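1. Provide a 3D model corresponding to the input given below.
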Amino acid sequence: MIDFSQDLLLHENNIRVLVSGERHLLPRYYQEAIHSIESETKDYTKRRFNLLLGYSGTRDLLRAIKKTIESGEKLNFNNIIRNCMINTPIDFLVRTAKEKRISDGPFFLMQYTEFEFIPKFFPELSKEDIQKVLDEYSRRNRTFGI
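-> Modelled structure (predicted):
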């Protein structure tokens with residue numbers, strides 16, 4: 001797995017890394033790496049890099065609804081989304097694992113999402129693979145449905 005904590009690209013570009021999903025399902029070394037990179041980038045505000053590992057959009061929505069109700073907030077779309085793990089629109093989604101499907105993603109935030117599919121499993125990704133998908137994304141002309 002790529003060691004993002006030493007990647008100058010993240011630090012020089014003020015990119016906050018957020019990992020969402022069922023972390024307890026991951027091996028301990030992944031959990032420790034996630035904690036480390038999130039801690040190192042927690043104060044970065046220019047860009048956000050969301051990594052979904054063991055994530056379920058359905059579980060996320062159900063948890064957010066429960067949290068909204070328990071907090072006494074009005075049960076409406078904005079309050080529910082604010083209580084989700086992923087709560088900002090997704091610009092670019094890279095799907096690994098040799099699949100060309102979204103599975104159980106955060107559909108409620110994917111209105112104008114650009115997609116890229118990589119025929120590798122996440123731990124197999126290299127920095128070169130990531131650079132390729134970022135280059136591909138930068139070449140796209142986003143029209144936002146127009």
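2. what kind of secondary structure is Met85 in?
-> coil (DSSP: H, G, I helix; E, B strand; the rest coil).
3. would you agree it is in contact with Tyr55?
-> Yes. Between Met85 and Tyr55 there is a contact under Cβ atoms under 8 Å: 7.4 Å. (Glycine included, C-beta is placed from N, CA and C.)
4. any common contacting residues for those two?
-> Common contact partners of Met85 and Tyr55 (Cβ atoms under 8 Å, 6 or more residues apart in numbering): 20-21.
5. how near is the residue at minimal distance from the centre of the chain to Asn76?
-> With distances taken as Cα atoms, centre = their mean, the residue of the chain nearest its centroid is Asn50 (2.5 Å). Distance of Asn50 to Asn76, given as Cβ to Cβ, to the nearest Å: 23 Å.
6. swap in Ile102?
-> 25 Å.
7. the residue nearest to the centre of the chain belongs to a strand?
-> Yes. Under three-state DSSP, Asn50 falls within a strand.
8. next one: phi and psi at the closest residue to it other than its chain neighbours?
-> Distances taken as Cβ to Cβ, 6 or more residues apart in numbering put Leu18 closest to Asn50, at 5.2 Å, once the chain neighbours are dropped. Dihedral pair for Leu18: phi -130, psi 130, per degrees, to the nearest 10.
9. would you check that Leu18 makes contact with Phe49?
-> Yes. With contact defined as Cβ under 8 Å, Leu18 reaches Phe49; the gap is 7.2 Å.
10. what residues are shared contacts of those two?
-> Counting by Cβ under 8 Å, 6+ apart, nothing touches both Leu18 and Phe49.
11. before we move on, back to that, any idea how far the residue nearest to Asn50 lies from Leu93?
-> For Leu18, the distance to Leu93 equals 14 Å [Cβ to Cβ].
12. same check, this time on Pro123
-> Counting by Cβ to Cβ - Pro123 and Leu93 are separated by 18 Å.
13. and Ile102 and Asn76? which has more neighbours close in?
-> Applying other Cβ atoms under 10 Å to Ile102 and Asn76 shows that Ile102 carries more neighbours, namely 14 against 10.
14. what helix or strand is that one on?
-> Secondary structure assignment for Ile102, by DSSP states H and E: no helix or strand.
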